[in-house]
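*Asks:* my questions concern the predicted model and sequence given below.
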Amino acid sequence: MTALDLDFVRSQFPAFSEPSLQQQAFFENAGGSFTCQAVVDRLTRFYTQRKVQPYASYTASRLGGEEMDEARMRLSAAMGVDADELSFGPSTTQNTYVLSQAFRKWLSPGDAIIVTNQDHEANSGPWRRLADEGVDVREWKIDADTGMLDPNRLSELLDERVRLVCFPHCSNVIAQVNPVTEITALAHAAGAFVCVDGVSYAPHGLPNVGDMGPDIYLFSSYKTYGPHQGIMVIRRALGELLPNQGHYFNAGSLYKRFTPAGPDHAQIAACAGIIDYFEALADHHGMQGTATERCSQVHDLMRAHESALLQPLLDFVASKNSVRMLGSRVASERAPTVALDLGKSPVEAAKSLAERGIMADGNDFYAVRPLQASGIDPEQGVLRLSFVHYTSQAEVDKLMTVLEDIL
C-alpha cells in the first residue's frame, strides 16, 4: 500500500496554517475534527452565493438545491448505498431520537430490542426509553475487565421476539472496533434489524455500509472533517416499513421520511466537500475504481497510518503502572482513541497537557454506562487522547514526552 502523504493531507486543512494553533497538537478529535478546506470553501460559497430557498427555477436557488443533492448522492455512493437511503439531520443524537419514535409506533408490547453498555448515550438512551412503552429492552454487556463485546453473549439474547439490535461500530472510550458484518449476520439470522452507531469510527475512514449490511448506520459530519450535521443511512426495506416521521406529503421520499425538521441547506451542501477531500486523497495517491472502491482505499490508507502511530502510544501507556488504559493493547483492533483512568479527576492532567501544547480533555464524554461497567466513577471521568489520519509522528512523540512528565 502507498504510504499516506502527510504533507499533502495537512495542506488540505486550514487549521495547520492557522497562527493561533501553531505549536499545538490536537488530541481531541473524538470530540470533533478539524474541517477540511473543501468544506470551508463550499460553505462560504453557499452563504455568499446560494443563501436562498433551494430548488426553485432561478439560478441561485437551482444551484443551491443541486449542491444539496450532490452531497447526498456522493456520500451515499462512497458508502455503497442508494442516494435516497442517506439523509441529514441536526445531529446523530437527534437522528437516533427520531428513529426511536418511529420504532415506538412500529413495535408492539412484548417485542424486544437489544442495546449495549458500550455505547455513547446517543445510541443507548433513546432506545432504552422504549421500555416505558412495554418494549423488552435487553442489555448486551461488555466484559468489565476488557470493555469488549462478545458476539457469543449476543447470541444468548437473541430470540424470535427481538426486532432490533443496536451497537457501536466502536466506542468513544473503549475504542474496540466491533465486527459489524458478523454481528449484523447474527441479528439478521434471528429476524432482527440492526442499528450501528458509527460516530466514533467514521472519522477513521467511511465504511462500505452496503457490504457490511446493517439496516441503519449513523455518524456525524463534524467528526468527519465537515460541518455540524448528523448523517444517517437507513436501508430501503426498513425505511419504508417504519412509519413516516416527516411531513405527510413527503412520505413517498425515503430520505425525507425521518427528517421532521427543516434541513440546514448550507451545511448539507457543504458536506459534499468531505467527498471532495477524499477524492483528492484518492487522486493524489493514484487510486483507481468506482467511488465506493476509492473510498474504501482511502479508508485503508487512513487506518494503516493511524495504526502505525497508535501502537507505540499503546505500548507506552501500557508500561505505566499509574494508569489504566481502556480497551485493547493492539492497534489494529481499535480506533486511535485512548481513554486513561488516572484514579482521580483528569482535569488537572488535561490542564497540564494544554500548558505543554497538547489539546485534550478529561470527563465522562457521555459514555457514562461504559465507564460504570468498567468500574470507573463517571463523575471522575477519564483522560481521553484521540487522533486521526492528519496526526503526525512528531505529535505523537510530543504527546508521549509530555505524558512521561505528568503521569
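*Replies:* Arrived safely.

*Asks:* all contacts plus neighbour counts: C-alpha atoms, from now on.
*Replies:* OK.

*Asks:* where does the chain dip in pLDDT?
*Replies:* Scanning the chain with the threshold set as pLDDT under 70 gives 1.

*Asks:* could you pick out the longest helix of it?
*Replies:* Taking DSSP state H as the criterion, the chain has its longest helix at helix 291-318.

*Asks:* run through who's touching the helix or strand just after that one.
*Replies:* As assigned by DSSP states H and E, the chain's next helix or strand after helix 291-318 is strand 324-325. By CA atoms under 8 Å, 6 or more residues apart in numbering, the residues outside strand 324-325 that reach it are 317-318, 338-342.

*Asks:* which strands and helices sit next to the longest helix of the chain?
*Replies:* Counting contacts by 3 or more CA pairs under 8 Å, 6 or more residues apart in numbering; DSSP states H and E, helix 291-318 packs against helix 59-78, helix 272-284, strand 324-325, helix 393-406.

*Asks:* save these as TSV, and put in mean neighbour count too.
*Replies:* Compiled in TSV, those are given as follows (neighbours: other CA atoms under 10 Å):
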stretch	mean neighbour count
helix 59-78	20
helix 272-284	20
strand 324-325	18
helix 393-406	15
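
*Asks:* need these in TSV with distance to Ala122, can you?
*Replies:* Formatted as TSV, the helices and strands packed on helix 291-318 follow (distance: least, CA to CA, whole Å):
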stretch	distance to Ala122
helix 59-78	22
helix 272-284	23
strand 324-325	23
helix 393-406	30
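
*Asks:* and the ones you listed: which comes nearest Phe46?
*Replies:* Smallest distance to Phe46 across the helices and strands packed on helix 291-318 (CA to CA): 7.0 Å, for helix 59-78.

*Asks:* from the contact counts, what lies against that closest one?
*Replies:* Against helix 59-78 (3+ CA pairs under 8 Å, 6+ apart) you get strand 86-89, helix 265-270, helix 272-284, helix 291-318.

*Asks:* after the shortest one, which helix or strand is next?
*Replies:* Along the chain past strand 86-89, the next helix or strand (assigned with DSSP H and E) turns out to be helix 92-106.

*Asks:* the helix or strand following that following helix: how far from the chain's middle?
*Replies:* The C-terminal neighbour of helix 92-106 among helices and strands, as given by DSSP H and E, is strand 112-116. Put simply, strand 112-116 sits 20 Å off its chain's centre (CA atoms, centre = their mean, to the nearest Å).

*Asks:* what strands line up against strand 112-116, and which way round?
*Replies:* Using DSSP bridges, strand 112-116 pairs in its sheet with strand 136-140 (parallel), strand 162-168 (parallel).

*Asks:* can you tell me which of those strands is most buried?
*Replies:* strand 162-168 (a mean of 25; mean count of other CA atoms under 10 Å).

*Asks:* returning to what we had before: with distance to Tyr222 added, can I get the helices and strands packed on helix 59-78 in a markdown table?
*Replies:* Formatted as a markdown table, those follow (distance: least, CA to CA, whole Å):
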| stretch | distance to Tyr222 |
| --- | --- |
| strand 86-89 | 12 |
| helix 265-270 | 10 |
| helix 272-284 | 10 |
| helix 291-318 | 17 |
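
*Asks:* Lys51 is nearest to which of the ones you listed?
*Replies:* Taking CA to CA, helix 265-270 is the member of the helices and strands packed on helix 59-78 nearest to Lys51, at 7.4 Å.

*Asks:* so what secondary structure elements neighbour the closest one?
*Replies:* Applying 3+ CA pairs under 8 Å, 6+ apart, we find helix 265-270 packed against helix 37-49, helix 59-78.

*Asks:* so can I have TSV of the ones you listed showing distance to Leu301?
*Replies:* Listed next are these as TSV, based on distance: least, CA to CA, whole Å:
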stretch	distance to Leu301
helix 37-49	20
helix 59-78	15
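
*Asks:* of these, which is nearest Val347?
*Replies:* Among the helices and strands packed on helix 265-270, the nearest to Val347 by CA to CA is helix 37-49 (32.1 Å).

*Asks:* mind listing what's buried along the closest one?
*Replies:* 37-40, 42-43, 45-46 (16 or more other CA atoms under 10 Å).

*Asks:* again with stretch 85-97
*Replies:* Neighbour counts over stretch 85-97 (16+ other CA under 10 Å) mark 85-97 as buried.

*Asks:* can you tell me which of these is closest to Cys195?
*Replies:* Cys195 lies nearest to Thr96 out of the buried residues of stretch 85-97, by CA to CA, at 9.4 Å.

*Asks:* so what's the closest one up against?
*Replies:* With CA under 8 Å, 6+ apart as the criterion, the residues that contact Thr96 are 122-123, 126.

*Asks:* Lys223: which of those residues is nearest?
*Replies:* Comparing the contacts of Thr96 against Lys223 with CA to CA places Ala122 closest, at 14.8 Å.

*Asks:* Three-state assignment for the closest one, please.
*Replies:* Secondary structure, DSSP: H, G, I helix; E, B strand; the rest coil: Ala122 is helix.

*Asks:* how close does the residue lying closest to it once chain neighbours are set aside get to Leu158?
*Replies:* Spatial nearest neighbour of Ala122, excluding adjacent residues (CA to CA, 6 or more residues apart in numbering): Thr93 at 4.9 Å. Using CA to CA, to the nearest Å, Thr93 is found at 26 Å from Leu158.

*Asks:* same thing with Tyr277?
*Replies:* The gap separating Tyr277 from Leu158 is 41 Å, by CA to CA.

*Asks:* quick check, Arg163 in contact with Gly191.
*Replies:* Yes. Between Arg163 and Gly191 there is a contact at 6.9 Å, judged by CA atoms under 8 Å.
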